[in-house]
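# Sequence and predicted structure, then a few things I'm wondering about:
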Amino acid sequence: MNKYKRYERYKDSGIGWIGEIPEHWGIIKLKFLSTIFKGKNPQELTDEWREEFLPYLSMEYLRNSGDTLTLYAYPEKNLVTVNNSDILILWDGSNAGEIVEGKNGILSSTMAKIVPNNIVTRYLYWFLKGIEKFFKDNTVGMGIPHVNGETLKNHLVLLPNLQDQNSIANFLDQKTAEIDGLIADKEKLIELLQEKRQAIITEAVTKGLNQNVKMKDSGIEWIGEIPEHWEIVKLKRCFKVINGKEIVNEVELDDSSGINVYGSGGVFKKTDKYLFKGESVLFGRKGTIGKPIYVNESFWTVDTMYYTKFKMNMVPKWFYYMFIIYPWEAHTTQTALPSIVGTEIENDIWAIPSYKEQCEIVKMLNKKTSEIDELIIEVSNQIVKLKEYRQSLITEVVTGKIKV
């Protein structure tokens, strides 16, 4: 921030966390600069587009979540319609207080629209975005948190002259777009690294490490050819799939003597006994499917998970890598709560290398995936810093700490 200039003279804002502001700026409550309209539930929502219907603006839709189903509603008179770049605030939920740019559509019941009066719209958007944390930190409600309407309406807004408002809005539009571009590039790099990681694993566990080895048809359509000396076997010859159980006693997570309890997302609690001791690969039985976890310790796993007990001359870590590319969808029920049956996995066939070759493949994959994972962590940290810089820049500009 040192490269930016400051305004010539400052005065105390009277707002503790903001501190000093430029001397020529005013301060006024939000309710005198805007009108707030709360969203409502439409009479009908449909996933099929119809003439005159508009998208229903859920947070998932506004955040451009690619796998979100678009819903549509008819713009009844009592509903709140939204145009591109309108100022919205998430009213209810875990992220209540978040400031969002609008899109053309019907405002959802969990959101409100802030319509500016006598203030530059983009300046007000950036000002509210700059103090977003205040609204998030001051939600109310014991169950589902929601925005305190009185707190929002009575919050003080810093009011520069129109020239400064436009300068600030234009500056932040440009600078945040540049930062967002850098973030998007790094997110794309992470996607490419993840694809590369997957490709390396796929090649190693289906083709081996020797590119000159003689090949044969595997009989498994999506795998194709495999090394000639690899054996096609049912997976039950390699391991047994065993159902997890619910724990009897839970102990504190910070208990160093406690046994880790695994769910589909990893360790989430501890207990005083173990279900299995040693190397195993865990995977979901119902709910979250297709996210294997390699474990080498005394552990417990819950009823919604399976764990594996391996036969002699099998390398569990090799099977962990195999399960990363495994076609889980072929064995998953198409129900509201997806599930798989352990015996189906045991009876599936796969191409298995020798114990020695499994070890060699694991050694290579441990090295290669660790290198890629370190790069992903490094780039992820860069994204975090860019997002922190973006928010800091917005706050510094809209509170007058730097002149643009």
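Perfect, thanks for sending it.
# Lowest mean pLDDT among the helices and strands of the protein, which one is it?
Ranked by mean pLDDT, DSSP states H and E, the weakest helix or strand in the chain is helix 59-62, scoring a mean of 85.
# Remind me which helix or strand the closest residue to residue 156 other than its chain neighbours belongs to.
Excluding the flanking residues, the one nearest residue 156 by CB to CB, 6 or more residues apart in numbering is residue 27, at 5.2 Å. Where you see a C-beta, it was placed from the backbone N, CA and C, and this is true even at glycine. Using DSSP states H and E, residue 27 sits in strand 26-29.
# And that strand, what does it pack against?
With contacts defined as 3 or more CB pairs under 8 Å, 6 or more residues apart in numbering; DSSP states H and E, strand 26-29 has these neighbours: strand 156-159.
# Mind checking what helix or strand follows the least confident helix or strand of the chain in sequence?
Going down the chain from helix 59-62, the next helix or strand is strand 72-73, by DSSP H and E.
# Would you map the strands across the stretch 251-400 of the chain?
Here the stretch 251-400 of the chain has its strands, by DSSP state E, counting those that start in this stretch, at 259-263, 266-271, 276-284, 293-301, 305-310, 349-352.
# What residues of the least confident helix or strand of the chain count as buried?
Residues 59, 61, 62 are the ones in helix 59-62 that count as buried (16 or more other CB atoms under 10 Å).
# How about stretch 247-257?
So, applying 16+ other CB under 10 Å, buried residues of stretch 247-257: residue 247.
# Can you tell me what sits against it?
With contacts defined as CB atoms under 8 Å, 6 or more residues apart in numbering, stretch 247-257 is touched by 258, 261, 269, 270, 271, 272, 273, 300, 302.
# And stretch 82-93, by the same measure?
The contact list for stretch 82-93, computed with CB under 8 Å, 6+ apart, reads 38-39, 57, 59, 62, 96-107, 110-116, 121-122, 124-125, 128, 135, 144-147, 152.
# related to what we said a few turns ago, the strand holding residue 27 pairs with which strands, parallel or anti?
strand 156-159 (antiparallel) (DSSP bridges).
# Buried residues, the strand it pairs with. List them.
Within strand 156-159, the residues scored as buried using 16+ other CB under 10 Å are 157, 158, 159.
# Quick one: mean pLDDT for that strand?
Averaged across strand 156-159, pLDDT comes to 95.
# how about the CA coordinates for that strand, as CSV?
Taking C-alpha atoms only, strand 156-159 is exported to CSV below (Å, rounded to 0.1, in the frame of the first residue of the first chain):
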residue,chain,number,x,y,z
LEU,A,156,-22.6,4.9,9.1
VAL,A,157,-21.4,5.4,5.5
LEU,A,158,-18.4,7.6,4.6
LEU,A,159,-19.5,10.1,2.0
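# just how off-centre is it within its chain?
Centroid separation for strand 156-159 versus its chain: 33 Å, with CA atoms, centre = their mean, to the nearest Å.
# can you check stretch 321-340 too?
On CA atoms, centre = their mean, the centre of stretch 321-340 falls 21 Å from that of its chain.
# next one: stretch 236-245
How far stretch 236-245 lies from its chain's middle: 31 Å, per CA atoms, centre = their mean.
# now it: mean pLDDT?
Across stretch 236-245, the average pLDDT comes to 97.
# Likewise for stretch 71-80?
So the average pLDDT for stretch 71-80 ends up being 90.
# what does it rub up against?
37-40, 42-50, 52-56, 58, 61, 81, 106-107, 113.
# before we move on, the earlier item: buried subset of the contacts of stretch 82-93?
Neighbour-count burial (16+ other CB under 10 Å) applied to the contacts of stretch 82-93 gives 39, 57, 59, 62, 96-100, 102-103, 105-107, 110-114, 116, 121-122, 124-125, 128, 135, 145-147, 152.
# Tell me which of those fall in strands.
Using DSSP state E, the members of the buried ones among the contacts of stretch 82-93 that fall in strands are 57, 99, 100, 105, 106, 107, 111, 112, 113, 114, 116.
# From these, pick the one nearest residue 385.
Nearest to residue 385, judged by CB to CB, of those is residue 99 at 21.5 Å.
# that older thread, now, the most widely separated pair of the ones in strands among the buried ones among the contacts of stretch 82-93?
106 and 116 (20.5 Å).
# thinking again about what came up before, tabulate the contacts of stretch 247-257 (TSV), appending neighbour count, distance to residue 237 and pLDDT.
Formatted as TSV, the contacts of stretch 247-257 follow (neighbours: other CB atoms under 10 Å; distance: CB to CB, whole Å; pLDDT from 0 to 100):
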residue	neighbour count	distance to residue 237	pLDDT
258	17	35	95
261	24	30	97
269	17	34	95
270	20	34	96
271	19	32	96
272	14	35	94
273	10	30	95
300	25	27	97
302	19	27	95
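# Of these, which is the nearest to residue 402?
Residue 402 lies nearest to residue 269 out of those, by CB to CB, at 46.7 Å.
# Quick one: residues contacting residue 241.
Applying CB under 8 Å, 6+ apart, the residues near residue 241 are 306, 307, 308, 342, 343, 345, 346.
# ok, and the closest non-adjacent residue to the third one?
Okay, so that is residue 308. Using CB to CB, 6+ apart, the closest residue to residue 308 is residue 239 (4.4 Å).
# Any quick ChimeraX command for the buried ones out of the contacts of stretch 71-80?
ChimeraX command restricting the contacts of stretch 71-80 to the buried ones, with burial defined by 16+ other CB under 10 Å:
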select :37,39,42,53,54,55,56,58,61,81,106,107,113
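# Okay, and which of the contacts of stretch 71-80 map to helices?
In this view, the contacts of stretch 71-80 that belong to helices under DSSP state H are residue 61.
# gap between residue 350 and residue 235?
6 Å (CB to CB, to the nearest Å).
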